[in-house]
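Enquirer: Sequence below, structure please.
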Amino acid sequence: MNNILLNSTDMEPNMIQLKETGKEILTIHADGRITVSEDLKPTETAAKVLQIMRLQWLADAQCAKIRELNERIKLLEHGIAKQNLEIEQTCGKVLDYPWFKDDQKNFPGATEKDGVCVGEHVAETIAAELARKYTEAKERIKRLEAAGDEMERYIFDQTNTRWIICAIQWREAKEAKP
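Expert: Next up, the predicted model:
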């Protein structure tokens, strides 16, 4: 428990003493002298004094609002991190990223609940990869549909050797990498 003792002794009636768990960490004497605990480094003493001041003296409405907003920031940061993880996992699964559960040598005990390994990717880079692959898939579908339409036009005309060419185009379009 932190304590701030004002006028704490009869010998020095205007002394301020800061204590932590009953142990003196800083004393401001009436004559202006400041003494600190010999057990603490100056930076440790300063940090403890600031911590005590913040807890004891910053209880006004503005500081309460600052604390409230800091808590809200923490909650929002947690929510954003959770949402990013969900986006990474959803997109990573669609993109066939490797599952942790499938690499028991490096991730012993991993289960489906642990999800996929996204490596150094973040939600934005995985979403960009998914968008690129989606666009490539749409373009491939268009090529396949065009080749299929062309094939359909000529396949029933057995006298036209063009159907063989269309079949070759269909195979090429089907096997083409996006």
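Enquirer: residues contacting E112?
Expert: 99, 101 (C-beta atoms under 8 Å, 6 or more residues apart in numbering). Glycine gets a C-beta too; all of them are placed from N, C-alpha and C.
Enquirer: Which phi and psi values does it adopt?
Expert: phi -60, psi -30 (degrees, to the nearest 10).
Enquirer: Sketch out the helices for this protein, chain order is fine.
Expert: 42-57, 61-94, 123-155, 162-175 (DSSP state H).
Enquirer: So which elements touch the third one?
Expert: Applying 3 or more C-beta pairs under 8 Å, 6 or more residues apart in numbering; DSSP states H and E, one finds that helix 123-155 makes contact with helix 61-94, helix 162-175.
Enquirer: Confidence-wise, which of the ones you listed is weakest overall?
Expert: Among the helices and strands packed on helix 123-155, helix 162-175 has the lowest mean pLDDT, at a mean of 73.
Enquirer: chain center to it: distance?
Expert: 48 Å (C-alpha atoms, centre = their mean, to the nearest Å).
Enquirer: repeat for stretch 62-81
Expert: The chain centroid and the centroid of stretch 62-81 are separated by 16 Å under C-alpha atoms, centre = their mean.
Enquirer: Need the helices of the chain in a markdown table (columns: mean neighbour count).
Expert: Output for those, formatted as a markdown table (neighbours: other C-beta atoms under 10 Å):
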| stretch | mean neighbour count |
| --- | --- |
| helix 42-57 | 13 |
| helix 61-94 | 12 |
| helix 123-155 | 14 |
| helix 162-175 | 14 |
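Enquirer: Can you tell me which of those is nearest to V116?
Expert: helix 61-94 (4.1 Å; C-beta to C-beta).
Enquirer: Just want the most central residue of the chain.
Expert: A81 (3.7 Å; C-alpha atoms, centre = their mean).
Enquirer: before we move on, the earlier item: tell me which of the helices of the chain lies nearest to K23.
Expert: The minimum distance between K23 and the helices of the chain falls on helix 42-57, with 10.2 Å, by C-beta to C-beta.
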